[in-house]
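Undergrad: Model the following, please.
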Amino acid sequence: MSPSSRESASEVAPPSPWEEAYARFETPAEERRKFLRRLHLLGAEEWPKQSQIVEIFCGRGNGIHALEALDFQRLEGVDLSPALLAQYHGRAVTHAADCRHLPFEDSSRDILIVQGGLHHLEGLRDVEQTLGEVSRVLRPGGRFVAVEPWRTPFLDLVHWVSEKPLVRRLSNKMDAFATMTHYERDTYERWLASAEPILALLAKRFTPERQRIGWGKLMYVGTPRRR
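TA: Next comes the predicted model:
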């Protein structure tokens, strides 16, 4: 089967422990509301409605649903997990693919979005490769939009609380958060410890339009630098 086609149910592997925790952390409706709030903060109302938009690391597609709710029509999603992609039901075209090797032609899309995906990559070389692919695929004047975890006092507090056994017993959400952190700890901790190199990689590829750090998140919008 082509990697750009939707996987059939019979070909989808059982969810991993991380994916099971992800499903417990937020309901689809909660996640869509979160993504909508973020899109408002990132200025999505100003984007042309005919923009060709790709969400990379799109998971089960709730970020795509949020874009649909804002009347964007030309939507695609990319994720490495067929199991997560199989949970999306909508008009967008989805691709099971590695975001370090995007299945799109040069200068062919207007906006690429990632919400909580880059920190899953193994290291800075993979981040750089993914950002290079994003830059390659974006049209001149296009936008790269990123929301990623960022080390702040608030995030450190959340991690401290989520590791308390009593908190985990009382809160399914906190237990799910701690479980996800456990299964992605190596890549996650490397990401959180690499703030300056990551910002340098972004600056190498993009000119920032919006950049905000707070409440444990980096929220970023940039346009590709001239090649």
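
Undergrad: In stretch 40-50, which residues are buried?
TA: By 16 or more other C-beta atoms under 10 Å, the buried positions in stretch 40-50 come out as 42, 44, 47. Using the backbone N, CA and C atoms, a C-beta is placed for each residue, glycine as well.

Undergrad: what does stretch 107-120 contact?
TA: 35, 38, 47-48, 51-57, 63, 67, 76, 99, 127, 130, 134, 136-140, 142-149, 184, 187-188, 191-192 (C-beta atoms under 8 Å, 6 or more residues apart in numbering).

Undergrad: could you give me the average pLDDT of that stretch?
TA: For stretch 107-120, the mean pLDDT works out to 97.

Undergrad: can you check stretch 191-203 too?
TA: pLDDT averaged over stretch 191-203 gives 98.

Undergrad: got the buried residues for it?
TA: Buried residues in stretch 191-203, counted by 16+ other C-beta under 10 Å: 191, 192, 194, 198, 201, 202.

Undergrad: Am I right that residue 127 is in contact with residue 133?
TA: No: counting by C-beta atoms under 8 Å, residue 127 sits too far from residue 133 to count as a contact (10.9 Å).

Undergrad: Filter the contacts of stretch 107-120 down to the ones in helices?
TA: In helices, judged by DSSP state H, the following of these are found: 35, 38, 63, 67, 127, 130, 134, 136-137, 187-188, 191-192.

Undergrad: what pairs with the residue at minimal distance from the centre of the chain across the strands?
TA: By C-alpha atoms, centre = their mean, the chain has its centre lying nearest to residue 115, at 2.6 Å. Residue 115 forms beta bridges with residue 147, as assigned by DSSP bridges.
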